[in-house]
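Student: Could you look at this predicted model? Sequence included:
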Amino acid sequence: MGSAAETVLKAFELGDEQNLDELLKLQTDDFELSMPGMVVKKQDLEGFYRPTWAGFPDGKHRIDNVIESGDTVVVEATWGGTNLGPVQMPDGEMPATGNRVSFKLASVNRLREGRVASTHIYFDQMEFLRGMGLVPEMAEAGS
């Protein structure tokens, strides 16, 4: 594993530890986090992470696969956490459900001068919403 992958995996670890100060040191000044429906600039990350960590205080990633090519690192992971605090949804704040949420994700990270310049996270939003109890479970094929 090269230094780019090591940097990205350290960023995952610091996020899981809720260590924003150290996480920000691994990112370029113009860092952007892109997820379905949102783009968060570096200066706004605290406003994104703190409520997320409050909503899922035990949230953690399990790293399933890492692919590194030059300054690009792709991580396949499974994220899981228990919803113990309010969650900001597009139409307002939702109270805690107490549900355990787990979903697979892919994270495409681009580095510049040894620091993470952008992170694009892709995940199944319906899987998240099902875990939160906001949409019904899907019936299995053939049932």
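Tutor: Great, that's in hand.
Student: Beyond the strand or helix carrying residue 47, next helix or strand please.
Tutor: Element membership for residue 47 (DSSP states H and E) is helix 45-55. In the C-terminal direction, the helix or strand that comes right after helix 45-55 (DSSP H and E) is strand 60-69.
Student: re earlier: just the buried positions in the helix holding residue 47, please.
Tutor: Of all the residues in helix 45-55, those buried under the rule 16 or more other Cβ atoms under 10 Å are 45, 49, 52, 53, 55. Just so you know, the C-beta spots here come from the backbone N, C-alpha and C atoms, and that holds for glycine as well.
Student: these two touch, right, the last one and residue 89?
Tutor: By that I understand residue 55. No: with contact defined as Cβ atoms under 8 Å, residue 55 does not count as touching residue 89 (10.3 Å).
Student: Which parts of the protein are strands?
Tutor: Secondary structure of the chain, counting by DSSP state E: strands at 27-35, 38-41, 60-69, 72-82, 87-89, 92-94, 100-112, 115-123.
Student: Okay, now the unreliable bits of this structure?
Tutor: Within the chain, the stretches falling below the threshold (pLDDT under 70) are 139-143.
Student: Nearest residue to the middle of it?
Tutor: Of all residues in the chain, the one closest to the mean position by Cα atoms, centre = their mean is residue 121, 6.7 Å from it.
Student: Please tell me how far the residue nearest to residue 76 when sequence neighbours are not counted sits from residue 111.
Tutor: With sequence-adjacent residues excluded and distances taken as Cβ to Cβ, 6 or more residues apart in numbering, residue 76 is closest to residue 65, at 4.1 Å. Noted for residue 65: a distance of 18 Å to residue 111, by Cβ to Cβ, to the nearest Å.
Student: Who has more neighbours out of these two?
Tutor: Just comparing residue 65 and residue 111: by other Cβ atoms under 10 Å the higher neighbour count belongs to residue 111, 22 against 9.
Student: So what's the residue count around the nearest residue to the more buried one once chain neighbours are set aside?
Tutor: Nearest in space to residue 111, with sequence neighbours left out and distances taken as Cβ to Cβ, 6+ apart, is residue 71 at 4.5 Å. The number of residues packed around residue 71, counting by other Cβ under 10 Å, is 16.
Student: Many thanks, have a good one.
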